[in-house]
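Asker: Sequence and predicted structure are below.
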Number of protein chains: 2
Amino acid sequence: MSLQLKSLTITDPFWAHYRELVRTEMIPYQWNVLNDNANITIEKERNDNSIPSEKSHAIENFKIAAGLKQGNHYGWVFQDSDVYKWLEAVAYSLSIHADTELQELADGVIDLIALAQEEDGYLNTYFSIEEPERRFKKLAESHELYCAGHFIEAAVAYYESTHNEKALTIACRLADCIDVHFGKEEHQIQGYDGHEEIELALTKLYSLTGEQRYLELSRYFLYERGTDTTFFARQQAADNGHKAVIEGMNHRPLEYYQAHQPILEQQTAEGHAVRLVYMCTAMADVALLAGDTAMLEGCRRLWKNIINKRMYITGGIGSTVDGEAFTLDYDLPNDTMYCETCASIGLIFFAFNMLKNEARSEYADVLERALYNTAIGGMALDGKHFFYVNPLEVHPESSRHDPGKSHVKFTRPEWFGCACCPPNLARLLTSLHKYIYTIQADTNTIYTHLFMTHTTELEINDHPVQLEQITNLPWEGDVSIVTQMKQSTSFTLAIRLPYWAEHYSLLLNGNPIDTDPINGYIHIDRIWRSNDKLELKLPMEIKEYTAHPLVRADTGKVAIGRGPFIYCAEEVDNGEHLHLVQLTQDQTYEYEFDEQLLGGVGTIKVEARKRNIEPEWEDVLYASKAPQTYTSTALRLIPYYCWANRQIGEMRVWLNKA
Amino acid sequence: MSLQLKSLTITDPFWAHYRELVRTEMIPYQWNVLNDNANITIEKERNDNSIPSEKSHAIENFKIAAGLKQGNHYGWVFQDSDVYKWLEAVAYSLSIHADTELQELADGVIDLIALAQEEDGYLNTYFSIEEPERRFKKLAESHELYCAGHFIEAAVAYYESTHNEKALTIACRLADCIDVHFGKEEHQIQGYDGHEEIELALTKLYSLTGEQRYLELSRYFLYERGTDTTFFARQQAADNGHKAVIEGMNHRPLEYYQAHQPILEQQTAEGHAVRLVYMCTAMADVALLAGDTAMLEGCRRLWKNIINKRMYITGGIGSTVDGEAFTLDYDLPNDTMYCETCASIGLIFFAFNMLKNEARSEYADVLERALYNTAIGGMALDGKHFFYVNPLEVHPESSRHDPGKSHVKFTRPEWFGCACCPPNLARLLTSLHKYIYTIQADTNTIYTHLFMTHTTELEINDHPVQLEQITNLPWEGDVSIVTQMKQSTSFTLAIRLPYWAEHYSLLLNGNPIDTDPINGYIHIDRIWRSNDKLELKLPMEIKEYTAHPLVRADTGKVAIGRGPFIYCAEEVDNGEHLHLVQLTQDQTYEYEFDEQLLGGVGTIKVEARKRNIEPEWEDVLYASKAPQTYTSTALRLIPYYCWANRQIGEMRVWLNKA
């Protein structure tokens, strides 16, 4: 038995649009940014704390580090990672769409990076240019291993896409350099980076190269984390007298870095949300690759805490701007949260690595939830504007005048000084074909997790097999899968039943299949022939979701969903004061696809009522026996991902329900 | 015609308790604090940003400035004001309760202050000890005039109480010094203090001394404010190179200081809430004393904005911790607000000064609301623990783990490094007798604003008249007023009808009075005889209040009140998860006075229902078609002022209503 995925082509119009935007808009735009050629409009709001940067200087930093230019490093200490994330997106994009010019550009960047790499494999423009003596000495803030991780990810992707060995060689030399400096030996640093990333990159490098040391190093970093809780403080003390690497980060508690206790003792998801999910992504990969069941248990524990107690219905995570962090169970405020785009992307990484460990539809459900709502909501339909913070409730006047909501933007800015989210989106969207399937080799099973129109080429028991999936998702729940092969062959096709479909029907060549799903997947184990046709129907009912009673922010409220999408009400469709809108007990929802709206989007209409501002309230703030009158109103809801693409105004996901 | 208030003795048990606490607990305790003899337990919560100080050093600062000791200034730049507020409370306390020992102590402090005063009248220990060359050069932060104002207030009170001239002399020399340095002349500073206070102190000094310059100086500061919006920036630029007087204050917008535009152009209450109401207090006094009608209009404008759009039902103001400030109209979050005790005290000052201008019951209603709820809620029943921040909704786990709520304390700490609130409460409570009446001399009218058992001695048309008020308020709404006099005399007694009494009955010597109220006051204009008896009955119904529909935080909620009190639900009485409690449409409220509870308190009982956490929610965060089941629950509500006097737990003012 054997089953291998050889290639996959997404032709789905919904996703092709996004992937095309990355290729035609984001990658060229970001290249201009990295080279300080972009004409970036810095949109400054009062109390704006997103610290927009005047310029990127990222390529310039490499030129200086490479000795090609004189000058100083400029930008964040982790500025290099912008280049690496661009390179990774380019790698995936080239695998979708060959582009000689782009590939030459990328090859040139790799040549430049090679020149910036030091003799011993060390690679970081800030420390090489400015403070070589401080290498690895302030890991809580330095992001050295974080940047290294992003380069390694890019190099792996670039090798897979172009077979360019140069990037991979740099990556291996860099990993080797890190392997020399970190570990349990007395002469080594017994520590880890403040921002997890190297761990998940090393497992990728191991998977590509088979070099066991890289897997062991990743595992070492994970197990070392939080074991000696004095590590950062000791580095800080030894580094005393130097200026901060990142101003204002010293006061963060150890939870911020997930360094407060050994990771397998951590019962709850704490601290900076992106860091936490990057850590979990690596944990899940190490669990799989090293067969580390304790690590898998640790993943399940943190997963369960996030999914059951700390995740927004949009797949957003991070309940507070302070530390961009988790707070406490069931604390999910809709108007002050963080819900960073990158955190939802990290949650997608984590979910997918859990799927590789065990096919349970809850992982794919969350992956889909984060992807279709917060992740793509992070970018505008034009592919040129991006949210960092993804609120579930916006009142622009409050964002303008309440400092506690100044981080909650109501329009997507063009770019950020700390520009992690747009390139993270670019690499996710260009690599989306990697998230559709997982394979369980020992049972010759291919699991289908996401539904989108595509064709995939497999090699099963040494025979080529093609699966063609055609679907109208995300708008309609019909999916057909047709096989093509020269020779009949035996394998198991497992198809996910998403959480939003209460019922389903599945026909194989016109005959119903009625096997019970296992962990949310229908397993079809048979000898497949060419032109076998599976027809899956997933009814897309409009759902009214309520939150767990302990979610204080959602008391008395419902959220509306259909298929993978969570919906929202915008002021442009529904007028201002959305908090006065109330759904009643007996309303009916109507679905309507509107070709003309927002590039074509399924809308939901519902008759609701809106509280009047009665004349009795003129010059009155509190009253007893005040009247409460309502006016009927026809609400139009749109999918959350496409909010803020028309005009400035209020937005709400959770609507009051009488 | 003439009407003068000679003396007033409060014997009301409710208020006598508080006034006695100030005398027996707060004043001695604070004296120990000022002298670093107190054994203060610093209660540190995670993320505690109340910056508790190790010691006060306030008296020590004066000894150093006086040349009696060597050393450095320690503490905040406004540390002196702690001594002044203590002195002011002592002054009022001595007028209630003679105490030779305490008076000698206070005389000694005044002697010390006299020694610390400089030749030219300048008085400020920080600048005298540390940076005399920086006098008046950084007024945005320096609090020099703020401290001066507090000394002047104390000196006026001390003179009125003890006829000690020494304090008054220091005050006049200090005011003269300020008068020399500030004004419109070219050699003068054309500016003002970042924290209003001097303005309201100067009007008091004028009222006592009759010195017109003091009134003019106050008026100058008010009119100068916000006129030249570059003033603070120019001082900042000229001061460049010096260390900040208060770290981290430079980024504040001009609104924070009410310096963004001329005060008569300000349409809304902006910035630091205490500063705003201190400014308004001075404005109202200047309006009265200088007959400045434009100023009175300005007062009315800001009053209206606060009262109709920016005040909590508890009389709290300041919707955000960031800048301890106002935010925007109708933005009144219950769990992240500031509602500083001092801000409500300032609102009481403002309201009372408005009453002196024009007897309208809305001012007294707000004064009463702030006094009976937030102000006394700021201190524990033991008189030894104090809130700075007065939330309307507390969830202790959120305060512990959500950085956005770390300022919301769930127990009253003993003292603070920035200790403005406790001494401000002490001076309010000891001067409470000043807030019961105002007199309109031209119409020979005495207005009764507050109801509490007391006796007052008046001189009316040169004859002594006594009014004895007996009431069971705040628990029952019956008030009797009996006159005593040797000779019948004509005057008008005007009695406020509070907002919480929908009906009333008023008997004069057994006969109903049915004149219509004017601006919320029943005017009884007659020739009064000895033993005339007024009997007022104010029915104390239990009220269900709703907020203006635009108050987003209170949508679907009600607050319960009875008489002047707003009630709340505490976890100790009602279990955890108070957000799951729902009042239904048809419940009945029952009032019961409980002698044993919290020193004797009126409770409200109501049958409500509490949402169950159904078993279906095990490991589920969002669900469609989830059951919503309820269990009947008997709620017990207590007045807001006495919350957090038993055990740590949740508290809620605004309760969900089905």
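Answerer: Thanks, I have the structure now. Numbers count the residues shown, from 1 in each chain, chains lettered A, B, ... in the order given.
Asker: which phi and psi does the residue of the stretch 551-658 of chain A found nearest chain B have?
Answerer: The stretch 551-658 of chain A approaches chain B most closely through A:S624 (4.2 Å), counting by C-beta to the nearest C-beta. Any C-beta I mention is one placed from the backbone N, CA and C, and that applies to glycine too. Per-residue torsions, A:S624: phi -100, psi 150 (degrees, to the nearest 10).
Asker: Quickly note the distance from the nearest residue to it once chain neighbours are set aside to A:T445.
Answerer: The shortest distance from A:S624 to any non-neighbouring residue, by C-beta to C-beta, 6 or more residues apart in numbering or on different chains, is to B:K543 (4.2 Å). As judged by C-beta to C-beta, to the nearest Å, B:K543 and A:T445 stand 66 Å apart.
Asker: could you say which helix or strand contains the residue of the stretch 451-600 of chain A found nearest chain B?
Answerer: The minimum distance from the stretch 451-600 of chain A to chain B, using C-beta to the nearest C-beta, falls at A:K543 (4.2 Å). Assessed by DSSP states H and E, A:K543 sits inside strand A:542-547.
Asker: right, and the helix or strand after that strand?
Answerer: strand A:557-562.
Asker: from the chain's centre, how far out does the helix or strand that that next one is followed by sit?
Answerer: Where DSSP H and E defines the elements, the next helix or strand beyond strand A:557-562 is strand A:565-570. Centre-to-centre, strand A:565-570 and its host chain are 20 Å apart (C-alpha atoms, centre = their mean, to the nearest Å).
Asker: got the angle for strand A:565-570 vs strand A:557-562?
Answerer: Note on geometry: by axes from the mean of the first three to the mean of the last three C-alpha atoms, to 10 degrees, strand A:565-570 and strand A:557-562 are set 120 degrees apart in direction.
Asker: Which residue, neighbours along the chain excluded, lies closest to the residue of the stretch 151-300 of chain A found nearest chain B?
Answerer: Residue nearest to chain B within the stretch 151-300 of chain A: A:P253 (7.7 Å; C-beta to the nearest C-beta). Leaving aside its sequence neighbours, A:P253 sits nearest to A:H260 (C-beta to C-beta, 6+ apart; 7.1 Å).
Asker: surely that neighbour meets A:Q267?
Answerer: No - when contacts are counted by C-beta atoms under 8 Å, A:H260 is not listed as touching A:Q267 (11.3 Å).
Asker: related to what we said a few turns ago, so how far is A:C147 from the residue nearest to A:P253?
Answerer: Using C-beta to C-beta, A:H260 is found at 24 Å from A:C147.
Asker: So for these two, which sits in the more crowded spot?
Answerer: Legend: neighbour count by other C-beta atoms under 10 Å in any protein chain shown for A:H260 and A:C147, higher for A:C147 (28 against 16).
Asker: ok now do that one, which residues does it touch?
Answerer: By C-beta atoms under 8 Å, 6 or more residues apart in numbering or on different chains, A:C147 lies in contact with A:F78, A:D80, A:S81, A:Y84, A:L123, A:N124.
Asker: Secondary structure element holding it?
Answerer: According to DSSP H and E, A:C147 maps onto helix A:144-162.
Asker: Repeat that for A:D179.
Answerer: helix A:165-181.
Asker: One more: A:E104?
Answerer: In the assignment (DSSP H and E), A:E104 maps to helix A:100-116.
Asker: One more: A:A494?
Answerer: Secondary structure assigned from DSSP H and E places A:A494 in strand A:489-496.
Asker: okay, the most centrally placed residue in chain A: pLDDT?
Answerer: Closest to where the C-alpha atoms of chain A average out (C-alpha atoms, centre = their mean) is A:I345, at 0.5 Å. In the predicted model, A:I345 carries a pLDDT score of 97.
Asker: measure it to chain B for me?
Answerer: Applying C-beta to the nearest C-beta, to the nearest Å, the value for A:I345 to chain B is 20 Å.
Asker: Next, A:K610: phi, psi?
Answerer: Backbone torsions of A:K610, given as degrees, to the nearest 10, read phi -130, psi 130.
Asker: Correction: the previous question concerned A:I481.
Answerer: Main-chain dihedrals, A:I481, degrees, to the nearest 10: phi -130, psi 120.
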